[in-house]
Every structure is written in C-alpha cells, then in structure tokens.
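Visitor: Coordinates only, no sequence provided:
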Ligand SMILES: [Cu+2]
Ligand SMILES: [Fe+3]
Ligand SMILES: [Fe+3]
C-alpha cells in the first residue's frame, strides 16, 4: 500500500513535468520552444529534488516581486541576481568558447558606457579620479601571435572608493576611455590601480547574500572591451594578484586564473616607462604601480 | 587543437557551475543552502544545455523586470508565471503526496478568500451571481471509508462570465461560501455550473503564452478547500467532463483525471433533489445541473 502510493506519487510528478514541457510543443518558434521546454524541465526537477514547500514557493514569489520593484533605469536587481548565482558568467562562458590561447572573457557588469572619451596611446584615462596611478601596457595579437594593429581598446574602472563615474552625483566622466593599439598591436596608458568594491547589497539580492553568509565584494579589477574586425569581441577584466579578496571569492564568479595579473608597485620617485614621475610635485612624490596585459583575440565568426 | 579547445570549454563550464554551487557552502541555514545549491545547479544546466545567447539572457532579465513592474496587491505576475510553467502545480504535487485513494489536490489559485459566508447544508452560495444553477452533493470520508462528520467545506467559483466576486467592481460577495458536512460526512449545496475563463493575459506572461501558441484558458472548475482535524487539508477543484477546453489543456496544468466529474444537465421543470424547481417562476422554468463529488481525506501529519 505504501509502495503503491510512492509509485503513484512518482508517476504523478513525472507525468506533470512531462505535461508542462509538452505544453510548448506547439510553439511556432523552434528556438523559443527549446528554451521554454528546457527551462520548464529544469524548474520541475528543482521543485521535485528539494521538495519545495508551499511556504518556500511563496517566499520565492515574494522575493521576485521585491526584486522587480527594486528595478528601475539605474538598478537592475535581476541582473544582480543572475550575477550572484553565476548565471551571467555561465552565459558569458557559453558565448565565448575556448579557442586555443585566446584571452578569456568575463562579465560586462553594469558600468560600461558606449562612446567613452578618446585617449591617446600613453595618455591618462583616470580623469582626475582618486587612486594610485597605474601604468598599463601590453599587446593585442591573434591566436597565431600576429599583432592586431589598430584594435579598439575600451577601458573602465572604479576609483579608489569603489565608485564608477556613473555613480558620481555630478555626472562627470572619469576612469574610462578608449584607445587604439599601434601598428604592432602595442598599447599603453595610465589608469588607477583597481580596488575592490561591493555589488549593490541594499536590496533583496544583498539580503540573500547575507543570509547565505556570502561576501558582496568583487575583487579589484580593470575592465576591458577589445574590438577588431575579423576577431571575436573580447569583454574581460584583469584582477590584482595579491588582492586578498581573491581568497574570499568574487560575488559574481568573474575571476579566471589567466586574468589575474601581477601589479608591480613602485616607490615614489621611481621614473615611469614614459619618463614621468607621478606626483613629482608632491613632497616625496607618489607611489604608482604597473601591469602588463597581453591580449589574444579569437577569430570572429 | 580543436579537441583540446572543446575539452577546455567543457572544463570551464563545469568548473564554473561547481564554483557557483560551492558559493553557498558556508550558508548557515542548511535548508536555504540546499535550496540555493539545487537552484543554482539547475540554472547552470539550463544555460549550458540551450547555449543561452547574451541577447536571450537580456530578454529574460527584461521579462522578469516587466513582470515585477506588473505586480501589485491585485496582480502577482510571478505567481502566474509559476502557474503557466506548471511549477505551482508541481509544488502542490510534492506537498500533497499520493495516499491510497485520497482525493488529489490541485492549485489554490488567486481567488480564495478566508472567512467566506456561512451557508447552511442545502443552501445556495451563488449569491445572485449569473449562471446555471447547479446542485452539488457528496460525502467526506477518510481513506478507510469512515465519514468525516463536521468537515469544513469552503467553495468558490467564477460566475458564467468567468468573473470571481473579488473581480466585481462593487465589492459584493458571491459565488463563495463555507459549510459543514453533517454527522455522516454528507454535504449538499446549490452553486453555479462552472464555466471556463482565461488567466490574466494582458501582461508579459500573457505575451509568453501567445508567443508559445498556448491557450490562456482554464477549463471550467469549482474550487474546494476541505479541512478537518486529524486530516490533511485538501485544496482542489472539480472539472466538467464534457468541457471542450479539457482537450485544449489547462493554462496552469491543474487538471487531474480523478477530478473530472460528470455534470448531469437537467431540463427546465425537473424537480431538484431538495424539491425545488429552479426558476419555476420564469416562463418555462430554468435548466439546471447536478454533480456528485465524494471527497476522501488523507490522514494529517
Ligand atoms: Cu536541471
Ligand atoms: Fe566592475
Ligand atoms: Fe479558478
């Protein structure tokens, strides 16, 4: 009797999951059909696997409603939710497949702005934002090692308080710029040594992180987008090798070993590669840092 | 080279999914940990299986934001989303396990109201709502066939226009009531023969149904909630055997074979079991219907 009820229960659940998936059988768009069938199947598997209670189901529905009410032009709580579950990064992974030694992609994040200011090679994109000056240099090549001359390199970053310019109240542009690699694929610019900062944690997703005992912090990073005709556009970051946050993890799972770079900190007064001495007019000068990032682009589709 | 890139890609994706799941390893609440680990695992499996594009990811995020903005005290678009994916019904299924011949549960739906009006046995709960009168009778027993005298039976339904009273603009109560089974577990009341109606389809979930070529309709049904001490509370519906919508499916997957009942339509002038002739003062009288629903309650926890 008990066994028969258990068999009947198993049958009811699997039959229901199959029926819900089959609900999309008449979908005229084959791609939409595949997406909805797969999503429905996995959601049913989740509910069955954890034996989701009605109270938990209600909690989930209320969480989503609150995330929706928290979302406006400035804040996208569902992107954040996708980020902290690693779903955004997984989407990046499946859309940027491994190709020989091509540099790995990572999440775009919410702070990219198109049409950032043009910066000459060797120029400074910090735009007066506070932080430790950092010399960044490297090459852009293809996977055969051939230079990708003229590649467009867009860079953006937070200041030492963890703020991007779009978060400043006064609307000024800082910590971002675009430049072109030279004929040999070389590039170089001044920016700031990046620092860690938290994802927005004052909403339902922040509460979820807290309840799960997770850090809302992202390790220090410098964002890059590299575009060149005939090559796959690369959206990535570099991370700072000795950043202790790397040990606690990245709230959005964006770190890849190959993107962790050594930033060599320099004592005040050390001359920079371009002959400058950052902060030379300050008493005792100013410390600065330098990093090398050689970018390898996969072929475009 | 190609094979090695493919292996590296597989490794990256599975390592990322594992890392995202492991992100919850320090969650202090073991149940929350299990829920988040399982959900994260299934979402990563979904993204990898369908090779979700960045454009589709963006579409999903925008869909969720729109569903959130559509949600207020009167409308819960995430409940509706859960409903049309069968997730609500699966949650009902896992929380109401099969037990011998206990009557199956189905979704509560959004129109239940606590403290509905008391109706005497044999009374009318239509409350003047438009529709065909329907005599409903049956027994409440346990799975050993013993009557459950005094069981509380709450009933609610839409009128013949597919409207529940809570959707009326004037706030009047109709099409709902509560009554008590007699000592022998018997019950009887007048209601309306149920008719089909659509789930709210003027929001993003409605657009999803349309894009998927699915009907937003629910087959005709009469809602029951049956409560008795020592027994598992039963939330269910009965459906109408010859309702053509049963062939097109239920937008929320709530139909179970055992809940489809024969409604026997009666010619005007046929005397009812309680001696009444519905609409006997109208010229030619009035057609009415009747149905029997014997309810079997599982033991309570
Ligand atoms: Cu799954
Ligand atoms: Fe960032
Ligand atoms: Fe209903």
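Guide: In hand now; what should we look at? What you are looking at is a predicted structure, and each value in this text was computed from that prediction instead of being measured. Numbering: from 1, shown residues only, chains lettered A, B, ... in the order given. Ligands and ions are numbered 1, 2, ... in the order given.
Visitor: mind listing the strands in chain A by residue range?
Guide: With DSSP state E, the ranges of strands along chain A come out as A:133-142, A:152-156, A:176-180, A:186-192, A:197-198, A:217-218, A:221-227, A:234-240, A:260-261, A:264-266, A:288-292, A:295-297.
Visitor: Can you point out the buried residues in the helix or strand of chain A with the lowest mean pLDDT?
Guide: Using mean pLDDT, DSSP states H and E, helix A:245-248 stands out as the lowest-scoring helix or strand of chain A, at a mean of 93. Residues A:245-246 are the ones in helix A:245-248 that count as buried (16 or more other CB atoms under 10 Å in any protein chain shown). Yep, even glycine has a C-beta here, placed from its N, CA and C like the rest.
Visitor: how far is it from where the chain is centred?
Guide: 16 Å (CA atoms, centre = their mean, to the nearest Å).
Visitor: and if you look at stretch A:177-190?
Guide: Centre to centre, stretch against its chain (CA atoms, centre = their mean), the figure for stretch A:177-190 is 22 Å.
Visitor: Ok, stretch A:175-183 next?
Guide: So, by CA atoms, centre = their mean, the centroid of stretch A:175-183 is 20 Å from its chain's centroid.
Visitor: measure stretch A:189-209 end to end?
Guide: 36 Å (CA to CA, to the nearest Å).
Visitor: That one: which residues count as buried?
Guide: In stretch A:189-209, counting by 16+ other CB under 10 Å, buried: A:189-197, A:199-201, A:203-206, A:208-209.
Visitor: Looking at residue A:74 now. What's its pLDDT?
Guide: Residue A:74 carries a pLDDT value of 83.
Visitor: Of all the strands of chain A, which one comes closest to chain B?
Guide: strand A:234-240 (9.5 Å; CB to the nearest CB).
Visitor: which other residues reach the closest one?
Guide: With contact meaning CB atoms under 8 Å, 6 or more residues apart in numbering or on different chains, strand A:234-240 is reached by A:92, A:96, A:102-108, A:193-194, A:219-227, A:246, A:254-255, A:259-261, A:263, A:291, A:293, A:295, A:297-298.
Visitor: Mind doing that once more with 7 Å?
Guide: A:103-106, A:108, A:194, A:219-226, A:246, A:254-255, A:259-261, A:263, A:291, A:293, A:295, A:297 (CB atoms under 7 Å, 6 or more residues apart in numbering or on different chains).
Visitor: List the residues that contact the residue in the stretch 51-200 of chain A positioned nearest to chain B.
Guide: At 1.0 Å from chain B, residue A:68 is the closest residue in the stretch 51-200 of chain A, using CB to the nearest CB. Residues counted as contacts of residue A:68 (CB under 7 Å, 6+ apart) are B:64-65, B:67-69, B:71.
Visitor: From ligand 1, how far out is it?
Guide: 24 Å (CB to the ion, to the nearest Å).
Visitor: got a pLDDT number for that residue?
Guide: The model's pLDDT for residue A:68 equals 97.
Visitor: Residue A:222 - how many residues pack around it?
Guide: 25 (other CB atoms under 10 Å in any protein chain shown).
Visitor: Oops, could you answer that again for residue A:20 instead?
Guide: Counted with other CB under 10 Å, residue A:20 comes out at 23.
Visitor: does it really touch residue A:42, like I thought?
Guide: No: Residue A:20 is not in contact with residue A:42 according to CB atoms under 7 Å; the separation is 11.4 Å.
Visitor: Quick one: mean pLDDT over stretch A:87-99.
Guide: 97.
Visitor: ok, that stretch near ligand 1 or not?
Guide: No: Stretch A:87-99 lies out of reach of ligand 1 by CB under 5 Å from the ion, never closer than 12.9 Å.
Visitor: that older thread, export the strands of chain A as CSV, with columns for mean pLDDT.
Guide: What follows is the strands of chain A, written out as CSV (pLDDT from 0 to 100):
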stretch, mean pLDDT
strand A:133-142, 98
strand A:152-156, 98
strand A:176-180, 98
strand A:186-192, 97
strand A:197-198, 96
strand A:217-218, 97
strand A:221-227, 98
strand A:234-240, 98
strand A:260-261, 98
strand A:264-266, 96
strand A:288-292, 97
strand A:295-297, 98
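Visitor: mind putting those in JSON lines, distance to residue B:281 included?
Guide: Converted to JSON lines, those look like this (distance: least, CB to CB, whole Å):
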{"stretch": "strand A:133-142", "distance to residue B:281": "90"}
{"stretch": "strand A:152-156", "distance to residue B:281": "79"}
{"stretch": "strand A:176-180", "distance to residue B:281": "81"}
{"stretch": "strand A:186-192", "distance to residue B:281": "87"}
{"stretch": "strand A:197-198", "distance to residue B:281": "73"}
{"stretch": "strand A:217-218", "distance to residue B:281": "76"}
{"stretch": "strand A:221-227", "distance to residue B:281": "79"}
{"stretch": "strand A:234-240", "distance to residue B:281": "76"}
{"stretch": "strand A:260-261", "distance to residue B:281": "86"}
{"stretch": "strand A:264-266", "distance to residue B:281": "96"}
{"stretch": "strand A:288-292", "distance to residue B:281": "92"}
{"stretch": "strand A:295-297", "distance to residue B:281": "85"}
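Visitor: out of those strands, nearest to residue B:241?
Guide: strand A:234-240 (57.5 Å; CB to CB).
Visitor: Please name the nearest non-neighbouring residue to residue A:293.
Guide: In space, and not counting its chain neighbours, residue A:293 is closest to residue A:138: 4.3 Å by CB to CB, 6 or more residues apart in numbering or on different chains.
Visitor: now that neighbour: how far from residue B:264?
Guide: Using CB to CB, to the nearest Å, residue A:138 is found at 82 Å from residue B:264.
Visitor: what about these two, which has more around it?
Guide: Neighbour count, other CB under 10 Å: between residue A:138 and residue B:264, residue A:138 has more, with 19 against 13.
Visitor: ok, now how distant is that one from residue A:151?
Guide: For residue A:138, the distance to residue A:151 - CB to CB - is 11 Å.
Visitor: Pull the contacting residues for residue A:223.
Guide: Neighbours of residue A:223 in contact, by CB under 7 Å, 6+ apart: A:109, A:155-157, A:237.
Visitor: Let's see that with 8 Å instead.
Guide: By CB under 8 Å, 6+ apart, the neighbours of residue A:223 are A:108-109, A:111-112, A:155-157, A:235-237.
Visitor: Could you do residue A:131 as well?
Guide: A:159-160, A:192-193, A:195.
Visitor: Need these in CSV (columns: distance to residue B:126).
Guide: As requested, those are exported to CSV (distance: CB to CB, whole Å):
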residue, distance to residue B:126
A:159, 68
A:160, 70
A:192, 72
A:193, 74
A:195, 68
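Visitor: Bridged to residue A:238, which residues?
Guide: Using DSSP bridges, the bridge partners assigned to residue A:238 are residue A:222.
Visitor: Could you tell me how many residues sit around the closest residue to residue A:201 other than its chain neighbours?
Guide: Leaving out its chain neighbours, the residue that sits closest to residue A:201 by CB to CB, 6+ apart is residue A:216, at 4.0 Å. The number of residues packed around residue A:216, counting by other CB under 10 Å, is 18.
Visitor: if I read this right, residue A:216 contacts residue A:197, doesn't it?
Guide: No: judged on CB atoms under 8 Å, residue A:216 makes no contact with residue A:197 at a distance of 9.3 Å.
Visitor: For the closest residue to residue A:231 other than its chain neighbours, which residues are in contact?
Guide: Nearest non-adjacent residue to residue A:231, counting by CB to CB, 6+ apart: residue A:297, 4.0 Å away. Counting by CB under 8 Å, 6+ apart, residue A:297 touches A:102-103, A:140-143, A:148, A:151, A:226, A:228, A:231-232, A:234.
Visitor: Please apply the same query to residue A:128.
Guide: residue A:174.
Visitor: Over to the one 5 residues further on?
Guide: Residues in contact with residue A:133 (CB under 8 Å, 6+ apart) are A:124, A:126, A:190-193, A:278-279, A:286, A:288-289.
Visitor: Quick check: beta-bridge partners of it?
Guide: With DSSP bridges as the rule, residue A:133 is bridged to residue A:192.
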